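Next input, structure requested:
(3 chains)
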Amino acid sequence: MSISHLSPNSSALEEGAPAMEGSFVSAVQLTKQFGEHKAVNDVSLDVAKGEVISIIGPSGAGKSSLIRCLNLLEVPSSGRLRIGDATVDFDTGTPSKASVRNLRNYTGMVFQSFNLFPHFTALKNVTLPQMRVHRRSKAEAEERAMQELKRVGLESKAGAYPAQCSGGQQQRIAIARALAMDPQLMLFDEPTSGLDPEIGAEILQVMRKLASDNMTMLVVTHEMEFARHVSNQVAVMVEGSIIEQGPPEQIMTAPNNIRTQKFLSAVLGR
Amino acid sequence: MNDFAWLYDWPQYIPDLLPGLWVAIAMTCVSCLFGYVLGFFLALLVEAPSKLVSYSALVVVELGRGIPILVLLFLFYQGLPQLGVLLAPYPAAVAALTFSAAGYSSEMIRAGLGAVPKGQSEAANSLSMSVVDTYRFIVIPQAARISIPPLVNLTIIIFQATSLATVITVPEIMQQAGIIGSATFEYMSVYTAAAVLYLCITIPGAALSGYLEERMGTPKQRSKKQAIKALLPAAGKLRTAEERQLTN
Amino acid sequence: MFEIFAYIARGAGWTIVMTFGSAAIGIVLGLPLLVLAESKFALIRGIYNSIVHVIRGVPTLVWLFISFFGVGQLGITLSPVTASLLTLSIIATAYMSEIYRGGMKAIPAGQWEAAGALNLDRWSTLRFVIGPQLFRAVSPSVATQIIGLLKDSALVSTIGVADLVFRAGIMTQYHAHGLYMFGIAGAVYLLLSLPIAVFSRTVHTRITRRYAVA
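The predicted model follows:
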């Protein structure tokens, strides 16, 4: 059970209460079960337009599973999900292809392992999905791709293949690829975990910029600095559930939940 | 004649073909034994510092791998007499299969030897182990992990290739089948029986090689299933906790 | 002497037809089989697996004799050429689909996920993301398989297709000197496998050079 502090009527939010009108994303009682194991256990989450929420917690807590449930890379076993005008109810069986497509239209995803297409140049990585999904012309797609590559500071790498780019550059290209699809919600799945800290910093810089451009973002991260200074909300996930959610200052300095305190003292070393 | 009789009457020919199966198995064992030993030495020679030795060994390997086994059979059986060497069908067939097995196996063994990090033999050297001991105790056991699964596979291929020896009248399965077939005209039944006999060896053989590959092979890239499993560290921890309890 | 060489070398015609005919059929038909191999129904995968195991577990010579002598006995007489091409094609198809299946395993799950997250439809994912990477992954194995088919094609001589081995056999019967005759045949096989190996290596380095993943 989680409560969004931005919500005007958060007091009305009780166990399993319907999502608020004002939210852009509303996940209700999502559960993802792998066999006996509940990777995501009855998680409800609301995200307002322009909000940046960091999801933190120990590894194996289901953070990645949760974020993958939001664009249906994992199909939740039960619960409901709404992003914008797209709604999916998982209690009534597997979602149709059309509803998956609808929902994914709202989201862009950045993976820990970049997942660039190795046989395409940076430019083609960014143009091809635009042309195939949004039916943009080549010229249109390329113009947009160059804009996005510029936004992540890599217009000079347009002609390079992923293998010719450093990990940090690959991740920035992956961000450009996602942005070119006009997502209204960006999902980041530990985008800096595979990178050296100083390289990770350049990714965080790009994300900071995105946040200041009012992009709605959900970020699974181990970067406490980012969680603290960039996000509006921090959600703490332990064993498949969000145990605490609130403004970063409050979570970081005065967490209510004992398990949050434990986790923070472990990662912050205090 | 009943067109579908072969579907059920093939088992009656199995006993007549069994002697051929023993011949095929014997040929496989002998050829692979000699072939793999030869292949091992060819692998060492290919890696020899002398260019002359290395290239000559490579030529032998490529001849063994590149010439169809059927042609090798004819070369040993009908070709060698030209040099005054007359081989009976059985030795000729074994010679051809050995030559082929040596060529293929040497590449597999070389891949295995090449996969052992240089530091291993350097470490053995620094402990002043002899060259033979270094190979015997350090290099070969590690190379075997890489080489054995493909060698098991090759053994199955050589077993299948014994069928070709029928062209030089070695009394293996296909020779027996041909004799029965031309006498009874029940080709379909006889060859079906022959196919089943081969499967009796090749199917378990393939299963063994698959099992060895899984056990000994290098970890492959994550498949979709493994990726999902990897998402379940908590489940993994649970399992190890259980195991810990069991062992305690 | 030259006439003998020319007579044997002309057998390369059938050898090439058999090799590349069956390879082409296998390369094409192996793809739809992949759908069975990767089916979500265990039963279909099981049927696929048993068929492939049986095809690969029985020596080529046995299949050749079954389709020539065996099927002939059932009243469907296939010419040696038809029986050979049919047999080699079926075997090639089984091998190619297994190669494709291996290639699919080499493509990281993240590629499917990225395509899914970008909302690419199934066809675009296969055509633009998976297909090219599959092609890159399998091209060396496919070339090796074609060379394997080249060597397997020698078997068609046993049912009377006038390929290299068949002609070398005839010359040996006329003139003895089996070492020369089969030596010529063997040399032509080596010569034929050379361009396949070289071609495959160029294709592979060309497609790998730029985006080789370390």
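
The helix or strand containing residue B:189 - contacts with which helices or strands?
Assigned by DSSP states H and E, residue B:189 belongs to helix B:187-216. Applying 3 or more CB pairs under 8 Å, 6 or more residues apart in numbering or on different chains; DSSP states H and E, one finds that helix B:187-216 makes contact with helix B:6-9, helix B:14-46, helix B:140-161, helix B:173-184, helix C:42-57, helix C:60-65, helix C:71-73. Yep, even glycine has a C-beta here, placed from its N, CA and C like the rest.

hmm, try it at 7 Å
Using 3 or more CB pairs under 7 Å, 6 or more residues apart in numbering or on different chains; DSSP states H and E as the contact test, the elements touching helix B:187-216 are helix B:6-9, helix B:14-46, helix B:140-161, helix B:173-184, helix C:42-57, helix C:60-65.

For the longest one, list every residue counted as buried.
Buried residues in helix B:14-46, counting neighbours by 16 or more other CB atoms under 10 Å in any protein chain shown, are found at B:17, B:20-21, B:23-24, B:27-28, B:30-32, B:34-36, B:38-40, B:42-46.

just the shortest one next, same as before
Counting neighbours by 16+ other CB under 10 Å, one finds that the buried residues in helix B:6-9 are residue B:6.

With only the CA atoms kept, save it in CSV.
The C-alpha coordinates for helix B:6-9 follow below in CSV (Å, rounded to 0.1, in the frame of the first residue of the first chain):
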residue,chain,number,x,y,z
TRP,B,6,6.8,-53.0,-43.8
LEU,B,7,5.3,-50.9,-41.1
TYR,B,8,5.0,-53.9,-38.8
ASP,B,9,7.1,-56.7,-40.3
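
Give me the distance from that helix to the chain's centre.
Centroid separation between helix B:6-9 and its chain, computed with CA atoms, centre = their mean, to the nearest Å, is 32 Å.

what does that helix contact?
For helix B:6-9, contacts defined as CB atoms under 7 Å, 6 or more residues apart in numbering or on different chains pick out B:188, B:189, B:192.

make it 8 Å
B:186, B:188, B:189, B:192, C:70, C:74 (CB atoms under 8 Å, 6 or more residues apart in numbering or on different chains).

show me where the stretch 51-200 of chain A has helices.
Using DSSP state H, counting those that start in this stretch, the helices of the stretch 51-200 of chain A run over residues A:63-70, A:97-106, A:122-133, A:138-151, A:167-179, A:197-212.

Would you reformat those as TSV and include mean pLDDT?
Converted to TSV, these look like this (pLDDT from 0 to 100):
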stretch	mean pLDDT
helix A:63-70	94
helix A:97-106	91
helix A:122-133	94
helix A:138-151	95
helix A:167-179	95
helix A:197-212	91
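
and chain A, which residues reach chain C?
Proximity of chain A to chain C, by CB under 8 Å from any CB of the partner chain, involves residues A:71, A:73, A:101, A:104-105, A:107-109, A:111, A:113-119, A:128-129, A:132-133, A:161-164, A:174, A:177-178, A:181.

Let's see the ChimeraX selection covering just the buried ones among the residues you listed.
Buried residues within these, by 16+ other CB under 10 Å, are selected in ChimeraX with:
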select /A:71,73,104,105,107,108,109,111,113,114,115,116,117,118,119,128,129,132,133,161,162,163,174,177,178,181
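
Which pLDDT value belongs to the residue in the stretch 51-200 of chain A positioned nearest to chain B?
Residue of the stretch 51-200 of chain A nearest chain B, by CB to the nearest CB: residue A:60 (3.6 Å). The model reports residue A:60 with a pLDDT of 86.

Report the residue ranges of every domain in chain B.
Here the domain parsing of chain B from automatic domain parsing is B:11-217, B:219-248.

And the average pLDDT for the shortest one is what?
By that I understand domain B:219-248. So the average pLDDT for domain B:219-248 ends up being 40.

go on, stretch B:158-170?
95.

do stretch B:192-212 as well
93.

Low-confidence stretches in the chain?
No chain in the question, so chain A it is. A:1-21, A:270 (pLDDT under 70).

I was after chain C.
Looking at chain C by pLDDT under 70, you get C:209-214.

For it, just list every one of the strands.
Shown for chain C, no strands are assigned by DSSP state E.

What ranges does it have for its helices?
According to DSSP state H, chain C carries its helices in the segments C:2-9, C:12-37, C:42-57, C:60-65, C:71-73, C:80-106, C:109-117, C:122-124, C:131-152, C:164-175, C:178-209.

I'd like the ones you listed as CSV, with mean neighbour count and distance to residue A:231 appended.
Below are these laid out as CSV (neighbours: other CB atoms under 10 Å in any protein chain shown; distance: least, CB to CB, whole Å):
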stretch, mean neighbour count, distance to residue A:231
helix C:2-9, 15, 76
helix C:12-37, 19, 44
helix C:42-57, 15, 45
helix C:60-65, 26, 65
helix C:71-73, 19, 72
helix C:80-106, 21, 38
helix C:109-117, 21, 22
helix C:122-124, 13, 34
helix C:131-152, 20, 36
helix C:164-175, 21, 73
helix C:178-209, 17, 42
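
and those helices as TSV, adding distance to chain B?
Formatted as TSV, the helices of chain C follow (distance: least, CB to the nearest CB, whole Å):
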stretch	distance to chain B
helix C:2-9	11
helix C:12-37	10
helix C:42-57	4
helix C:60-65	5
helix C:71-73	5
helix C:80-106	6
helix C:109-117	4
helix C:122-124	15
helix C:131-152	4
helix C:164-175	5
helix C:178-209	3
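
CSV please, covering the ones you listed and showing distance to residue A:252.
Shown next, in CSV, are the helices of chain C (distance: least, CB to CB, whole Å):
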stretch, distance to residue A:252
helix C:2-9, 82
helix C:12-37, 51
helix C:42-57, 50
helix C:60-65, 70
helix C:71-73, 78
helix C:80-106, 44
helix C:109-117, 30
helix C:122-124, 43
helix C:131-152, 43
helix C:164-175, 79
helix C:178-209, 48
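
wait, which of these is closest to residue B:159?
helix C:42-57 (10.2 Å; CB to CB).

Give the other helices and strands that the closest one contacts.
Against helix C:42-57 (3+ CB pairs under 8 Å, 6+ apart) you get helix B:187-216, helix C:12-37, helix C:80-106.

of the ones you listed, which approaches residue C:185 most closely?
With CB to CB as the measure, helix C:12-37 is the member of the helices and strands packed on helix C:42-57 nearest residue C:185 (9.1 Å).

so what does that closest one touch, helix or strand wise?
helix C:42-57, helix C:80-106, helix C:131-152, helix C:164-175, helix C:178-209.

returning to what we had before: for the helix holding residue B:189, buried residues please.
In helix B:187-216, counting by 16+ other CB under 10 Å, buried: B:187-199, B:201-203, B:205-206, B:209, B:212-213.

Also stretch A:156-174?
Buried residues in stretch A:156-174, counted by 16+ other CB under 10 Å: A:157-158, A:160-163, A:165, A:167-174.

Residue B:194 touches residue B:175, doesn't it?
No. Here residue B:194 lies out of contact with residue B:175, judged by CB atoms under 8 Å, at a distance of 10.2 Å.

So which of the domains of chain B is the most surrounded?
Burial of the domains of chain B is given as mean neighbour count (mean count of other CB atoms under 10 Å in any protein chain shown); domain B:11-217 ranks first at a mean of 19.

If you rank every helix and strand of chain B by mean pLDDT, what lands last?
helix B:233-247 (a mean of 36; mean pLDDT, DSSP states H and E).

Apart from its chain neighbours, what residue comes closest to residue 84?
Unless you meant another one, I'm taking chain A. residue A:106 (4.9 Å; CB to CB, 6 or more residues apart in numbering or on different chains).

my bad, the chain I had in mind was chain C
residue C:156 is the one closest to residue C:84 (CB to CB, 6+ apart), at 3.9 Å.

Name the helix or strand for residue B:171, please.
Assigned by DSSP H and E, residue B:171 falls within no helix or strand.
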